[in-house]
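>>> one predicted model, sequence on top.
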Amino acid sequence: MTDRSDGLQEIIDEALEAMATEAGGDFDPQTCSLAELCRRTGISRQGARTPRRHGFEVLPHGRTGMRAASTVVSGFAGVVDDLLRRGVANSQVTFERIRSQGYEGGLTTVKTYAAAHRDLVPPKRRAAEPRGNRGRRYETGPGEGRISILSATR
């Protein structure tokens, strides 16, 4: 498992280390004052109790990375997929259409679902790229006039 990005483990380790140096040689982290640890770290009592149960090791949340098998929007997946296939990529429009069919979830859920299924949206049609001027451009050197170009083409 990866470390938490907020640095809670380092904060707790530094506070315990400082408490150990102040206490001298006989310092047991499991029996230290929880109130003192909370005061030094700035975390709540419950926030300090949980790492204490795990030997002061900060573990990630138990449901990290898990997703529900069925969600509110999964009942309307066919409708949303059909709208995406027809090129309706606007989540607000999709939300209003499935809302009229009885959807009780929120807009953010629809946005998340649409973003995950963006591959269903057909690519935008583009007009052919301009190829520039089709006419020929003649350059005349110094001393040459229009007459010399016309006589050269005959």
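It's in. Note that the structure is a prediction, hence the values are computed from the model and not measured.
>>> phi and psi next, for Ala48.
Note on Ala48: its backbone torsions stand at phi -90, psi -30 [degrees, to the nearest 10].
>>> Glu17 versus the closest residue to Pro51 other than its chain neighbours, what's the distance?
Using CB to CB, 6 or more residues apart in numbering and skipping residues adjacent in sequence, the residue nearest Pro51 is Val58, 5.3 Å away. Every residue, glycine included, has its C-beta placed from N, CA and C. In this view, Val58 and Glu17 are 15 Å apart by CB to CB, to the nearest Å.
>>> out of those two, which sits in the busier spot?
More neighbours surround Val58 than the other of Val58 and Glu17, with 18 against 12 (other CB atoms under 10 Å).
>>> where's the more buried one, which helix or strand?
Under the criterion DSSP states H and E, no helix or strand holds Val58.
>>> what about the helices in this protein?
Counting by DSSP state H, the chain has helices at residues 8-23, 34-41, 45-53, 77-85, 91-99, 107-116, 146-153.
>>> would you turn those into JSON lines with mean pLDDT?
Shown next, in JSON lines, are the helices of the chain (pLDDT from 0 to 100):
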{"stretch": "helix 8-23", "mean pLDDT": "91"}
{"stretch": "helix 34-41", "mean pLDDT": "93"}
{"stretch": "helix 45-53", "mean pLDDT": "91"}
{"stretch": "helix 77-85", "mean pLDDT": "94"}
{"stretch": "helix 91-99", "mean pLDDT": "95"}
{"stretch": "helix 107-116", "mean pLDDT": "94"}
{"stretch": "helix 146-153", "mean pLDDT": "54"}
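>>> can you get me a residue count around the closest residue to Phe76 other than its chain neighbours?
Nearest in space to Phe76, with sequence neighbours left out and distances taken as CB to CB, 6+ apart, is Ile98 at 4.6 Å. Residues within reach of Ile98, counting by other CB under 10 Å, total 20.
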